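> take a look and give me a structure for this.
(one chain, ligands or ions: 2)
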Amino acid sequence: MNLQLTVNGRGWAGEVEPRLSLADLLRERMRLTGTHLGCEQGACGACTVLFDGEAVRSCLLLAVQAAGRAVTTVEGIDLDLGPVFQCGFCRPGFVVTAEALRRAGLPATEEVLSGNICRCTGYRPIVEAVRRCLT
Ligand code: FES
Ligand code: FES
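Residues are numbered from 1 along each chain as shown. Ligands and ions are numbered 1, 2, ... in the order given. This is a model prediction of the structure:
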């Protein structure tokens, strides 16, 4: 299928398989590997991207659903959460979620950030880092 969308402010057009996920489009076709894949079931949040400004799980969306939309990945976000992560696998998801909160003017609560799973670090330093970024 023909697909056109905007990613990090740049237009992209190409042919994609109907069942290609948005995450795989970003990682494999566009080489935007900052978007991580953990569970591929919508549970971990590592694949979070902005979809017309809203935080979504890119593993759960088909690439063709992004036709005509604006996608922002972690590579397109200038938000430094600092050295609070250990392995860093979850970091892109937290950065994108933080950016979604920043754009919406919403506070960083433990509840909203609990949609991003970190297997290494305690959540308190991450939540505090996001709060610092948003002030
Ligand atoms: S990889 Fe998408 S939510 Fe885990
Ligand atoms: S720092 Fe390793 S998963 Fe979060």
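> which residue is the nearest non-sequential neighbour of G45?
N116 (3.6 Å; CB to CB, 6 or more residues apart in numbering). Backbone N, C-alpha and C define where each C-beta goes, glycine included.
> please identify the helix or strand for the one you found.
Assessed by DSSP states H and E, N116 sits outside every helix and strand.
> check the burial of it by counting its neighbours.
Around N116 there are 24 other residues, counting by other CB atoms under 10 Å.
> which parts of this protein sit against ligand 1?
Residues of the chain lying near ligand 1 by CB under 6 Å from any ligand atom: 37-40, 42-47, 57, 59.
> list the buried residues in the longest helix that the chain contains.
Determined from DSSP state H, the single longest helix within the chain is helix 91-104. Going by neighbour count (16 or more other CB atoms under 10 Å), the buried part of helix 91-104 is 91-101.
> residue boundaries of the strands in the chain?
Ranges of strands in the chain, per DSSP state E, are 2-7, 10-15, 48-51, 54-57, 70-72.
> ok, which of the ones you listed comes nearest ligand 2?
strand 48-51 (13.2 Å; CB to the nearest ligand atom).
> give the partner strands of the closest one in its sheet and their orientations.
Strand pairing for strand 48-51, using DSSP bridges, gives strand 54-57 (antiparallel), strand 70-72 (antiparallel).
> and that strand, is it in reach of ligand 2?
No: against ligand 2, strand 48-51 shows no contacts by CB under 6 Å from any ligand atom, the least distance being 13.2 Å.
> residues touching that strand, excluding its own?
Outside strand 48-51, the residues within contact range by CB atoms under 8 Å, 6 or more residues apart in numbering are 22, 26, 35, 55-58, 61, 66, 69-74, 77, 92-93, 96-97, 99-100, 103, 116.
> how about a cut-off of 7 Å?
Identification of contacts with strand 48-51 by CB atoms under 7 Å, 6 or more residues apart in numbering yields 35, 55-58, 66, 69, 71-73, 93, 96-97, 99-100, 116.
> picking up where we left off before, out of the strands of the chain, nearest to Y123?
The closest of the strands of the chain to Y123 is strand 48-51. By CB to CB, the value is 16.0 Å.
> can you show me the CA trace of the closest one as PDB?
The C-alpha trace of strand 48-51 is given here as PDB (Å, rounded to 0.1, in the frame of the first residue of the first chain):
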ATOM      1  CA  THR A  48       5.600   5.200  22.600                       C
ATOM      2  CA  VAL A  49       5.600   7.900  19.900                       C
ATOM      3  CA  LEU A  50       3.500  11.100  19.500                       C
ATOM      4  CA  PHE A  51       0.700  10.600  16.900                       C
END
